[in-house]
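1. Just to be clear, the model below is a prediction. Sequence and coordinates:
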Amino acid sequence: MSSIQKLLLAVLPGAWAKSMEAESREWVFTCPCGHTRSVWDFGGIRWKAAGNPRRLMKCPSCGKITWHVLTRDRQATADPEA
């Protein structure tokens, strides 16, 4: 967990902190090779956001520097019993 994540989880009310983490886990970076990684796992926060920006970054799977598309995968945190 990054320093900013720890700080915000400590400062924000519990419900907001859970919402922030859950939504950040829904946003995923996708490499053209197919590898995906959530914003939260990457050490970032994306909360109350919109749009699908692209980021030039190195993929941990293929090792290439490519444009990763950021998209929201609402199934990532869906309740399996729902």
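-> Done, it's in. Numbers count the residues shown, from 1 in each chain.
2. what comes into contact with whichever helix or strand Ala22 is part of?
-> Taking DSSP states H and E as the criterion, the element that holds Ala22 is helix 14-26. Where contact means CB atoms under 8 Å, 6 or more residues apart in numbering, the residues beyond helix 14-26 that reach it are 5, 8-9, 12, 38-41, 44-48, 72-74, 76-77. All C-beta atoms are positioned from the backbone trio N, CA, C, and that covers glycine.
3. Retrieve the pLDDT associated with Glu81.
-> In this prediction, Glu81 carries a pLDDT score of 47.
4. backbone phi and psi for the nearest residue to Asn52 once chain neighbours are set aside, please?
-> Excluding its sequence neighbours, the residue lying closest to Asn52 (CB to CB, 6 or more residues apart in numbering) is Thr71, at 5.3 Å. Dihedral angles of Thr71 (phi, psi; degrees, to the nearest 10) stand at phi -130, psi 160.
5. residues near Thr71, how many?
-> Close neighbours of Thr71, defined as other CB atoms under 10 Å, add up to 14.
6. That one reaches Thr30, doesn't it?
-> Yes - taking contacts as CB atoms under 8 Å, Thr71 lies within contact range of Thr30: 6.4 Å.
7. Gly34 versus Gly44, what's the distance?
-> The spacing between Gly44 and Gly34, counted by CB to CB, to the nearest Å, is 21 Å.
8. Between the two, which is the more surrounded one?
-> Taking neighbours as other CB under 10 Å, Gly44 and Gly34 compare with Gly44 leading, 15 against 9.
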